[in-house]
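curious how this folds, go ahead:
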Amino acid sequence: MKTKLFAPILIALLPFLAFGQSQSFYDFTVNDIDGNEFSFEQLKGKKVMVVNVASKCGYTSQYEQLQAIYEKYKDADFMIIAFPANNFMGQEPGSDEEIKAFCSENYGVSFPVMSKISVKGKDMHPVYQWLTTKELNGIDDSSVKWNFQKYLISKDGTLQKVFNPKTSPDDPEIIGWIEN
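Here you go, the predicted model:
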């Protein structure tokens, strides 16, 4: 039974394990909320905050701070990438179209929002496998605790720090990281 659970993950990681290399953050291409390909390679040279989001969460108001810091720092080599996920108590039940409308109408979101994925469990998206697995990211193991967990990626694509969902996107430590 364990083989069935790990087989899809092993198959996805096999090309990288075979060569003894960890995958780079910039190797990923995902689908955005409109279904278009979004290559992380275009983020080279930028600091990136990756955050899993949900529309019906107690932390949903963090969209407001996310949008504010994106507006302030988007021209200073900073990017936010949001991944809607329905992994915690069904707090993101909507379709990509519904999520896009919610983000736009309620928070004026203009940073890139990706297509809904899974951020934990046996169907965890490869981006989150990289973010949470030391053998892949080369830095640290972590687990996604809840919606609005933040992963900070340096300009060279290295995982720098993980912030728990309670930490506001405009926390002084995050702002300091963006500015320095």
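
shaky segments in the chain?
Under the criterion of pLDDT under 70, the regions of the chain flagged as low confidence span 1-22.

could you pull out the strands for it?
Using DSSP state E, the strands assigned to the chain run over residues 29-31, 37-39, 47-53, 78-84, 150-153, 159-163.

bridging residues for the most centrally placed residue in the chain?
Within the chain, one residue has its C-alpha closest to the average C-alpha position: by Cα atoms, centre = their mean, that is residue 50, at 3.3 Å. Each beta-bridge partner of residue 50 is listed here: residue 81, residue 151, as defined by DSSP bridges.

please name the residues that touch it.
Taking Cβ atoms under 8 Å, 6 or more residues apart in numbering, we find residue 50 in contact with 81, 83, 127, 131, 150, 151, 153. Backbone N, C-alpha and C define where each C-beta goes, glycine included.

ok, now residue 88?
When the contact criterion is Cβ under 8 Å, 6+ apart, the partners of residue 88 are 54, 57, 146, 147.

ok, which pair from these is furthest apart?
The most widely separated members of the contacts of residue 88, counting by Cβ to Cβ, are 54 and 146 (8.9 Å).

I figured residue 38 hits residue 31, correct?
Yes: judged on Cβ atoms under 8 Å, residue 38 makes contact with residue 31 at a distance of 6.8 Å.

more neighbours, those two?
More neighbours sit around residue 38 than around the other of residue 38 and residue 31, counting by other Cβ atoms under 10 Å; the figures are 19 against 14.

ok, and the closest non-adjacent residue to the more buried one?
Once its chain neighbours are removed from consideration, residue 38 has its nearest residue in residue 32; the separation is 4.6 Å (Cβ to Cβ, 6 or more residues apart in numbering).

which strand residues bridge the one you found?
With DSSP bridges as the criterion, residue 32 is bridged to residue 114.

go ahead and confirm it touches residue 115.
Yes: contact status for residue 32 versus residue 115: in contact at 6.5 Å, counting by Cβ under 8 Å.

now stretch 145-165 - C-alpha only, CSV.
Once side chains and other backbone atoms are set aside, the C-alpha atoms of stretch 145-165 remain, and they are given as CSV (Å, rounded to 0.1, in the frame of the first residue of the first chain):
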residue,chain,number,x,y,z
LYS,A,145,0.2,24.3,8.8
TRP,A,146,-2.8,26.3,7.4
ASN,A,147,-3.9,28.7,4.7
PHE,A,148,-1.7,31.8,4.2
GLN,A,149,1.6,30.2,5.1
LYS,A,150,4.4,32.2,3.5
TYR,A,151,7.6,30.9,1.9
LEU,A,152,10.3,33.5,1.0
ILE,A,153,12.5,32.8,-1.9
SER,A,154,15.7,34.8,-2.5
LYS,A,155,16.8,36.4,-5.8
ASP,A,156,18.9,33.4,-6.6
GLY,A,157,16.0,31.0,-6.1
THR,A,158,17.0,29.7,-2.6
LEU,A,159,14.4,29.1,0.1
GLN,A,160,15.1,31.7,2.8
LYS,A,161,12.4,31.5,5.4
VAL,A,162,8.9,30.1,6.2
PHE,A,163,6.4,32.2,8.1
ASN,A,164,3.3,30.7,9.7
PRO,A,165,-0.2,31.7,8.6
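
brilliant, that's me finished.
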